[in-house]
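1. missing the sequence, but the structure's below:
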DNA sequence: ACCTGAACACCGTTCAAGT
DNA sequence: ACCTGAACACCGTTCAAGT
């Protein structure tokens, strides 16, 4: 077992802590996102987390963009998709999307970070296999090959978009928003404004006029109903997706 | 016409350039995004664009977050939705979504910027009216009031997600990606790797093994087809949405 | 081979003066 | 009232040494 000389070249520890590697710093960056917002992830804060100087990170990644690319690859490589069965395909697709949503939520901000830094995701071989499997699934459901690809992309985009645009606000409420507001439905900023306190809304110049909200009849009725949970909202999105695909499959089946 | 003394209080020009206002600096920030990436939008670069010192901006906005909030509000206020007609509702919804996509694309990165800075969008009164109108439209199509709200949110999320996750890569190709690759379908990173040049793929440590891509049968067949344009991809997403909503409306109509 | 510490050019933001 | 210029604490990144 010690016949491979290359295996002994690098020590596994240094100064009491494990030796850094390209993977371990990427892993640290990914884990950092579980507890901090994307903006807090800096070379310096990550180095402090690892107990090294900022300069040390540059021995393993080229720059911050490269670091985030590694983190994105690790993020994709740890995605374990559930089985897809083309019989009872509706429930199968729903379960797949619920699992994918949980995956994205487990490292919130990774997608947003990739967007701001112009990092192309879906490069990891594991992700390629998943995409291929998903396309095969949609073909088995009855879509043409091009439609199966489009459906695959639409599915991933729906889940990623839901997590980044909807879940993140609930999972990590911004500091300036009252947490109690987030439990409400519709969100308070979708409610018609109380005409009492129309003053003091920040903009003090009257040049553009008060710009009254006017009637918002449907939102007003919504305010009296029970709030939607994010899970309910997500279930609705899945319904639209599933039935939309079913209609498409029925059409190309003719 | 000069009877209002308040109208004369602020000069309209100073040192040959128009006086700054809260709106004008927000407008400048929004326009900045048309020509530059979100990361380039800094207090200093924007001040240089306006011909003032960075400190001058702080007389009109509290900080960078506040500046981006103003820009987001302006972005929403300039959205002019097309008419929605509940008769021929499918084509009407499609046209609405196409216009909304064009709106988001006209200021690329605004949504991503709002995400990274934790800025809650849809605060502008004009946006409230639009949401209310869209909910009314979906009710007229045959959805229940809660479903109409969910469909409204799903519609906006679909368009915003498509622009940020799909269009931006085409409209603003990242510097490190070959532009020719973007015209291909599927993207090159979705193609099975050529076994010839499996060497030199960046990661030089063999500790994790070569991790072969293996068979990607559906992606391989896709590689021989004509690439999808973003418009084609978007049209497919709209088909899924429209037919999904139609199925939902038919079900609640019973 | 891998690390530290100092340094550079940036960034957001604030302070002390100018007019 | 609104601006400038200098300054502060950050950031990514690099250089020159250390071991």
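-> Arrived safely, thanks for sending. Every value quoted in this text rests on a predicted model; they were computed, and no experiment measured them. Numbers count the residues shown, from 1 in each chain, chains lettered A, B, ... in the order given.

2. so residue A:29 makes contact with residue A:65?
-> No - with contact defined as CB atoms under 8 Å, residue A:29 does not reach residue A:65; the gap is 11.6 Å. In short, each C-beta sits where N, CA and C put it, glycine included.

3. Neighbour count for the two, which is higher?
-> residue A:29 (27 against 13; other CB atoms under 10 Å in any protein chain shown).

4. Secondary structure element holding that one?
-> helix A:22-35 (DSSP states H and E).

5. Give me the contacts around the longest helix out of those in chain A.
-> Longest helix in chain A, counting residues (DSSP state H): helix A:230-253. Residues outside helix A:230-253 that contact it (CB atoms under 8 Å, 6 or more residues apart in numbering or on different chains): A:90, A:93-94, A:97-98, A:101, A:138, A:141-144, A:147, A:151, A:154-155, A:158, A:162, A:166-167, A:170, B:147, B:150-151, B:153-154, B:157, B:239-248.

6. from those, which would you call buried?
-> Among the contacts of helix A:230-253, the ones that count as buried by 16 or more other CB atoms under 10 Å in any protein chain shown are A:93-94, A:97-98, A:101, A:138, A:141-143, A:147, A:151, A:154-155, A:158, A:162, A:166-167, B:147, B:150-151, B:153-154, B:157, B:239-248.

7. Tell me where chain A is predicted with low confidence.
-> A:1-17, A:174-214, A:253-254 (pLDDT under 70).

8. Kindly state the domain boundaries assigned to it.
-> Chain A breaks down into these domains under automatic domain parsing: A:14-77, A:79-173+A:226-254.

9. re earlier: so which of the contacts of helix A:230-253 sit within helices?
-> Checked against DSSP H, those include these in helices: A:90, A:93-94, A:97-98, A:101, A:138, A:141, A:147, A:151, A:154-155, A:158, A:162, A:170, B:147, B:150-151, B:153-154, B:157, B:239-248.

10. returning to what we had before: most tightly packed of the domains of chain A?
-> domain A:79-173+A:226-254 (a mean of 19; mean count of other CB atoms under 10 Å in any protein chain shown).

11. hmm, it in reach of DNA strand C?
-> No - in terms of CB under 7 Å from any atom of the strand, no part of domain A:79-173+A:226-254 sits within range of DNA strand C; the closest distance is 13.4 Å.

12. So that domain, near DNA strand D or not?
-> No - using CB under 7 Å from any atom of the strand, domain A:79-173+A:226-254 never reaches DNA strand D; the gap is at least 10.1 Å.

13. how distant is that domain from the center of its chain?
-> 11 Å (CA atoms, centre = their mean, to the nearest Å).

14. repeat for stretch A:62-81
-> The answer for stretch A:62-81 is 13 Å, by CA atoms, centre = their mean.

15. Just the residues contacting that stretch, thanks.
-> Taking CB under 8 Å, 6+ apart as the rule, stretch A:62-81 contacts A:22-23, A:25-27, A:29-30, A:33, A:42-43, A:46, A:57, A:61, A:96, A:99-100, A:103, A:107, A:110, A:113-114, A:117-119, A:121-124, A:126-127, A:130, A:133-134.

16. Now with 6 Å, please.
-> A:26-27, A:29-30, A:43, A:61, A:103, A:107, A:110, A:113-114, A:117, A:119, A:121, A:124, A:126-127, A:130 (CB atoms under 6 Å, 6 or more residues apart in numbering or on different chains).

17. what inclination does the longest helix of chain A have with respect to helix B:230-253?
-> Going by axes from the mean of the first three to the mean of the last three CA atoms, to 10 degrees, helix A:230-253 is angled at 110 degrees with respect to helix B:230-253.

18. So which elements touch the helix holding residue A:29?
-> Packing partners of helix A:22-35 (3 or more CB pairs under 6 Å, 6 or more residues apart in numbering or on different chains; DSSP states H and E): helix A:64-77.

19. can you rerun that using 8 Å?
-> Contacting helix A:22-35 under the criterion 3 or more CB pairs under 8 Å, 6 or more residues apart in numbering or on different chains; DSSP states H and E are the following elements: helix A:43-50, helix A:64-77, helix A:110-116.

20. Now look at that helix and say if it contacts DNA strand C.
-> No - judged by CB under 7 Å from any atom of the strand, helix A:22-35 and DNA strand C are separated, with a smallest distance of 9.4 Å.

21. Briefly note if that helix comes near DNA strand D.
-> No - Helix A:22-35 does not reach DNA strand D (CB under 7 Å from any atom of the strand); its nearest approach is 10.3 Å.

22. orientation of that helix relative to helix A:43-50 in degrees?
-> Using the same axes, to 10 degrees, helix A:22-35 lies at 100 degrees relative to helix A:43-50.

23. report the angle between the axes of helix A:22-35 and helix A:64-77?
-> Going by the same axes, to 10 degrees, helix A:22-35 makes 80 degrees with helix A:64-77.

24. what residues does helix A:22-35 touch?
-> Contacts for helix A:22-35 (CB under 8 Å, 6+ apart): A:18, A:40-41, A:45-46, A:49-50, A:57, A:60-61, A:67-68, A:70-71, A:73-75, A:106-110, A:113, B:203, B:205, B:208.

25. can you do 7 Å?
-> A:18, A:41, A:46, A:49-50, A:57, A:60-61, A:67-68, A:70-71, A:74-75, A:107-110 (CB atoms under 7 Å, 6 or more residues apart in numbering or on different chains).

26. next one: it to chain centre, how far?
-> 16 Å.

27. just stretch A:37-52 next, same as before
-> The answer for stretch A:37-52 is 21 Å, by CA atoms, centre = their mean.

28. ok, that stretch near DNA strand C or not?
-> Yes - Stretch A:37-52 reaches DNA strand C (CB under 7 Å from any atom of the strand) through residue A:52.

29. is any part of that stretch close to chain B?
-> Yes - using CB under 7 Å from any CB of the partner chain, stretch A:37-52 reaches chain B at A:38-39.

30. First residue to last residue on that stretch, what's the distance there?
-> The straight-line separation of the ends of stretch A:37-52 (CA to CA, to the nearest Å) is 21 Å.

31. ditto for stretch A:216-233
-> Distance across stretch A:216-233, first residue to last, is 22 Å (CA to CA).

32. now swap in stretch A:74-93 and tell me
-> 24 Å.

33. Could you do stretch A:157-170 as well?
-> Taking CA to CA as the criterion, the two ends of stretch A:157-170 lie 19 Å apart.

34. neighbouring contacts of it?
-> By CB under 7 Å, 6+ apart, stretch A:157-170 touches A:97, A:100-101, A:104-105, A:108, A:111-112, A:182, A:230, A:233-234, A:237, A:241, B:115, B:157, B:160-162, B:165-166.

35. cutoff 8 Å now
-> A:97, A:100-101, A:104-105, A:108-109, A:111-112, A:182, A:230, A:233-234, A:237, A:241, B:115, B:120, B:153, B:157-158, B:160-162, B:164-166, B:237.
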